[in-house]
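**Student:** Next comes the sequence, and after it the predicted model I'd like to discuss.
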Amino acid sequence: MQQNLQDLFERALDGEPPPPPGDSAARAMHHGRRIRRRRGLLVGGVTAAAVAATMLGVNLAVSPDAPPPTVSAAAAAAMPRDPACTWPVRDDASDVSIFLADSITDAQRTALHDALRADPAVRDLRFESREEAYQKFAELWQDSPDFLAQVGPAQLPESFRLALADPADFRRLAETFRDRSGVEDLVGRSCRGARK
């Protein structure tokens, strides 16, 4: 009942003009109402700021399994998950995935394949189609059927998968092929126990 009376009192004072200068009781009620209103606005503002900061923190937090932001989403989805491997790496990659752009032409794909085959740093070279990428993707995400249902082969990129003869050659290879026509992304991966 006390709260109900206070709410009725506040509503009654809301529409009142400021009291005349000589009425000290009316001025005290008017001043008290202004203080309570400021407190309410302050509490509301602090609450809104805390909610916004929490939302920002949640959105900026990166889960430990999430790929770094420099890797495209399609590349991240198509990268094999292996606990013995770290990716992406800037130096000393044992394996490299070169993801192809959707707009790549047959001539660009053939030229890239020939250039990779001729590069002495490349030990093994394999082309992976969208369908092959999707089969691997489906195996990786078999425990998440809802997620798997949202992705089809057309959403995964074609790629060249290669192993390097010497992981120290990765930086040179990346500089050579990263900006080539038809290349969407180039990701190096370092796996423990890889041949050096």
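**Tutor:** Nice, thanks for sending it over.

**Student:** Would you map the strands across the protein?
**Tutor:** Secondary structure of the chain (DSSP state E): strands located at 85-86, 95-100, 122-128, 159-164, 183-191.

**Student:** Nearest to P145, out of the ones you listed?
**Tutor:** Set against P145 and scored by CB to CB, the strands of the chain come closest in strand 122-128, at 23.4 Å. No exception for glycine: its C-beta is placed from N, CA and C like everyone else's.

**Student:** Highest mean neighbour count out of the strands of the chain?
**Tutor:** strand 95-100 (a mean of 24; mean count of other CB atoms under 10 Å).

**Student:** Which other helices and strands does it contact?
**Tutor:** helix 73-78, helix 106-118, strand 159-164, helix 170-177, strand 183-191 (3 or more CB pairs under 8 Å, 6 or more residues apart in numbering; DSSP states H and E).

**Student:** Low-confidence bits of this structure, can you list those?
**Tutor:** Along the chain, the parts satisfying pLDDT under 70 run over 1-3, 5-19, 25-84, 87, 193-196.

**Student:** Kindly recompute the last result at 50.
**Tutor:** Residues of the chain meeting the criterion pLDDT under 50: 51-53, 56-71, 196.

**Student:** just to revisit the earlier point, switch the strands of the chain over to CSV; also include distance to T176.
**Tutor:** Output for the strands of the chain, formatted as CSV (distance: least, CB to CB, whole Å):
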stretch, distance to T176
strand 85-86, 22
strand 95-100, 11
strand 122-128, 11
strand 159-164, 12
strand 183-191, 10
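
**Student:** give the contact list for the closest residue in space to R117 that isn't next to it in sequence.
**Tutor:** Once flanking residues are discounted, R117 sits nearest to L125: 5.8 Å by CB to CB, 6 or more residues apart in numbering. Shown in contact with L125 (CB atoms under 8 Å, 6 or more residues apart in numbering): H113, L116, R117, F160, R161, L162.
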